[in-house]
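Peer 1: Just need the structure, nothing else, for what follows:
(2 chains)
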Amino acid sequence: MNRTLAVLTENKPGVLTHIAGLISRRSFNIESIAASYTEEPDMTRITIDVTVEDDVQLEQIINQLSKLIYVIKIVNLTDEDSITRELALIKVVADKHNRSELRNVVEIFRAKIIDVNRETVVIELTGHERKIDAFCEVLRDFGIIEIVRTGKIALSRGPLAAKDM
Amino acid sequence: MKMLGSEAIIECLKREGVDLIFGYPGGAVLTLYDAIHKLQLPHILTRHEQGAVHAADGYARATGKTGVCFATSGPGGTNLVTGIANAYMDSVPIVAITGQVSVDLIGKDSFQEADICGITTPITKHNYLVKKPEELTRVLKEAFYIASTGRPGPVVVDVSKDVFNAVIDFEYPEEISLRGYSPVFAGEEESIDQLVEVMKKAKKPLIFVGGGVVLSDTSNELRKLTELTGFPVTTSIMGLGTIPSDDPNCLGMLGMHGTYVANMGAVDCDFLLGIGVRFDDRVTGLVKKFASNAYIAHMDIDKAEVNKNVLVDLKVVGDLKWSLPLLLDKIEKSNPEKYRENVKEWMTQIKEWQQEVPLPQTYPTTDEGILPEKIITEVSNITGGDATLVTDVGQHQMWAAQYSKFIKPRSFFTSGGLGAMGYGLPAAMGAKFGIPQEQVILFTGDGSIMMNCQELSTIADNDLPLKIIVLNNEVLGMVHQWQRMFYGGRYIHSTTKGKTDLVKLAEAMGVTAFRIEKEEELVAGLRKALIEIKGPVLVDIVIPQTANVLPMVPPGSRLDQMILGGKD
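Peer 2: This is a model prediction of the structure:
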């Protein structure tokens, strides 16, 4: 089962190494990891999407990560009513023959074309990872040249911040 | 007050109560060594950085204080790695200060550069690279705090060379502000109420104690607990000494080379209380079948240890200094007589197991030499248990754990988790420096001692009256045993028989040494080494090659599936 964790850490050098290293050496499976600055300049927020067998394993991951000195707090956003999003940039083959057909598909998925040249376009799509998966599947007919995805980020609904939960 | 970064480090160490450093100088730390001299902090020059870190480990275990070691950049730092990993596995508080190349050379593959923070991240509680002089005092304050609080562990502080030379305005921070680190002391009291309820009903209980009880200095509470309830106690190798060997409720060690009674008890018990343990695979045997019929409760300061290896029914997370007194208090108020009454039948069974297969047994051997159990027992007879024992790793380590008589905690130091050969000699040396008034005895093997034998020089040159007992079978005993048992007796690369003479080696380095080959010389020889000779001594004792450590639970087997051997 998949679980999404919001890991709040101090914004110090080496934090990501400590976290990524711990996850790999304890043989936990991560699907994605995304880190960035937050509303507090000395705090970093890392969204980790993990695959676990059961709640015991999830508890182990949370407890082990919590032991890292720079980790301030971990919130399991799977339990909270939360929103998750991912951003993808996709470069697709598109010449004058199929460009309009491609635009239709882009519109259906509410994606955006952000770069065009004679042979290709670059499309931007934000959404749930499954939506991005589905979009990529359709785009295969046109010919995907390359894809980059940010990995999942998540935020709880409601007025509370993760640090106050 | 204005001073150099290097002087600030020494000043910080003094404020932290450090009275002895183990280390080895080199290019990147020369300014630091200059400051040691200027500010007069005692320092022991080991003969290898690994010796320094193991010595700091032994010193920390012996004194309960944080051990400190210094090493230079690059190879200095990498030579610390085994010792840091060892301290991490056994939760020993150490602050290792290493030099790093200057800031402008970091990342350039400079001479003697190694990313020691990167290398030690998986084996430290925390580490720091100090590149800015203004961070130095805060980092050191935090390093000592992190190393010694909560579940202790090693912290590495890697200091760039230019920071040693920078002039700083010294101010030692009073407060620590670490948002992500607040070691737990008190946990949830309800969990202890629940524990009492379960203990009341237990008919076949077993208390399993580990190094956490040593670290938290709660062996008195443990003794009180077993006295009140009558519950039997077994320990991990790290928990030896927390309960006296001659206590009727002491079952000895659990696990791969545990006692028959402890292993049978762990399989059959209906309630198992783990106190300050981490359920290592050497203790549990086949983990699925470990205490599989029992209600398992786990008391530990580290919540990540709960449900890591063994799934438990009840967790009591908190400092044992908090939980054990509270537990005792609640038991005292709940008619403790009843507990003893409940376990009467179980204790009869325990006594039967004890008589069925007792220690010591006599090992069947096919060659000459003094039996190892005889050596360990005679040493205990001389000391009466009033000694600090240190071991290396291998057969001698297990024999020392099985046959030594223990009367007090903090009296057995061994590389429990990492199993690092070469730990013994420097660790025993560090311990002896920490507790010079105590008798410190090292049990080692002819394999292990060679891994750090250079420290014989340090011991001799400091006239350190350490007693070194080598159980010499001219083979890597534990490897030999496994090859004998599981590899068809094919002894591949496991013999040390050759031209080396350990007595001459020790003498060459300045340590008095002699050999004991006959059993009738044993007691007199040991008395000579332990009592008559006042300085450091190495005794090389010839033991049989074919002696096995028994009982033995083969790897991957249930604890009651022991190979027993014994008298035929």
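Peer 1: Could you find the closest non-adjacent residue to the residue of chain A found nearest chain B?
Peer 2: Nearest residue of chain A to chain B: A:Asn63, at 3.8 Å (C-beta to the nearest C-beta). Bear in mind the C-beta positions are built from the backbone N, C-alpha and C, glycine included. Leaving out its chain neighbours, the residue that sits closest to A:Asn63 by C-beta to C-beta, 6 or more residues apart in numbering or on different chains is B:Ala304, at 3.8 Å.
Peer 1: that's a helix at that neighbour, yeah?
Peer 2: Yes - counting by DSSP: H, G, I helix; E, B strand; the rest coil, B:Ala304 is part of a helix.
Peer 1: need the residues of chain B near chain A, please.
Peer 2: B:117-118, B:121-122, B:125-126, B:129, B:146, B:178-181, B:302-304, B:306-308, B:311 (C-beta under 8 Å from any C-beta of the partner chain).
Peer 1: if we go to 7 Å?
Peer 2: Chain B comes close to chain A at residues B:117, B:121-122, B:126, B:146, B:178-181, B:303-304, B:307-308, B:311, as judged by C-beta under 7 Å from any C-beta of the partner chain.
Peer 1: could I get those as CSV with distance to B:Met429?
Peer 2: Converted to CSV, these look like this (distance: C-beta to C-beta, whole Å):
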residue, distance to B:Met429
B:Cys117, 28
B:Thr121, 28
B:Pro122, 27
B:His126, 27
B:Ile146, 26
B:Leu178, 34
B:Arg179, 39
B:Gly180, 36
B:Tyr181, 32
B:Lys303, 35
B:Ala304, 33
B:Asn307, 39
B:Lys308, 33
B:Leu311, 41
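Peer 1: quick one: which of those residues sit in helices?
Peer 2: Taking DSSP state H, the ones among those that sit in helices are B:117, B:146.
Peer 1: Out of the residues of chain B next to chain A, who's the most crowded?
Peer 2: B:Ile146 (25 neighbours; other C-beta atoms under 10 Å in any protein chain shown).
Peer 1: There's contact between that residue and A:Leu68 in this structure, I believe.
Peer 2: No - using C-beta atoms under 7 Å, B:Ile146 makes no contact with A:Leu68, being 11.2 Å away.
Peer 1: burial of the closest residue to B:Gly180 other than its chain neighbours, as a residue count?
Peer 2: Residue nearest to B:Gly180 in three dimensions, not counting chain neighbours: A:Ile72, with 4.4 Å by C-beta to C-beta, 6+ apart. As a burial measure, A:Ile72 scores 22 neighbours (other C-beta under 10 Å).
Peer 1: mind checking pLDDT for the residue nearest to B:Gly153 when sequence neighbours are not counted?
Peer 2: Distance criterion C-beta to C-beta, 6+ apart; nearest residue to B:Gly153, sequence neighbours excluded, is B:Lys125 at 3.3 Å. You'll see B:Lys125 listed with a pLDDT of 98.
Peer 1: List phi and psi for B:Lys125.
Peer 2: Per-residue torsions, B:Lys125: phi -70, psi -40 (degrees, to the nearest 10).
Peer 1: need the contact list for it.
Peer 2: With contacts defined as C-beta atoms under 7 Å, 6 or more residues apart in numbering or on different chains, B:Lys125 is in contact with B:146-147, B:153-155.
Peer 1: and which of those residues is nearest chain A?
Peer 2: Closest approach to chain A among the contacts of B:Lys125 (C-beta to the nearest C-beta): B:Ile146, at 6.2 Å.
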